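1. With the input below, show me the fold.
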Amino acid sequence: MYAHIYDICQNIEKVMGMFSKELRELDRNTVQLMIDEMQGTINEQQGTINEQQGTINEQQGTINEQQGTINEQQNTIQELQTLVDNLRKELAETRIHKEGK
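-> Numbering: from 1, shown residues only. Just a heads-up that it's a prediction; the model follows:
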């Protein structure tokens with residue numbers, strides 16, 4: 001066994017090859033670990049984006065409801081304004097008739 005180790009140590013290329021092979025494996029494992037960590041981060045961020053999109057959708061629904069209410073109120077205001085204008089005309093006509101008599 002010592003002779004085998006001595007032979008390996010004598011052959012520096014073999015020793016360097018073993019280290020190179022181990023380093024390649026470590027690099028591959030490191031890269032895979034980094035990819036896994038990045039995928040985890042991406043998944044977390046996607047979850048956050050989905051939650052925020054849900055909030056945006058809810059807020060858009062609220063905005064749509066409020067816009068509907070505003071439209072209804074504007075219609076009511078327009079109807080009331082028309083009614084007020086008609087009443088003013090009638091009042092003016094009534095005054096003209098009273099003054100004419």
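
2. For this protein, which residues score under the pLDDT cut-off?
-> Low-confidence regions of the chain, defined by pLDDT under 70, span residues 8-9, 12-15, 100-101.

3. Please enumerate the helices of it.
-> 2-10, 12-100 (DSSP state H).

4. Next, format those helices as CSV and append mean neighbour count.
-> In this view, the C-beta of every residue, glycine as well, is placed from N, C-alpha and C. Rendered in CSV, the data for these read as follows (neighbours: other Cβ atoms under 10 Å):
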stretch, mean neighbour count
helix 2-10, 9
helix 12-100, 10
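
5. what sits against E25?
-> E25 makes contact with no residue under the criterion Cβ atoms under 8 Å, 6 or more residues apart in numbering.

6. From N86, how far out is it?
-> Computed as Cβ to Cβ, to the nearest Å, the E25 to N86 distance reads 91 Å.
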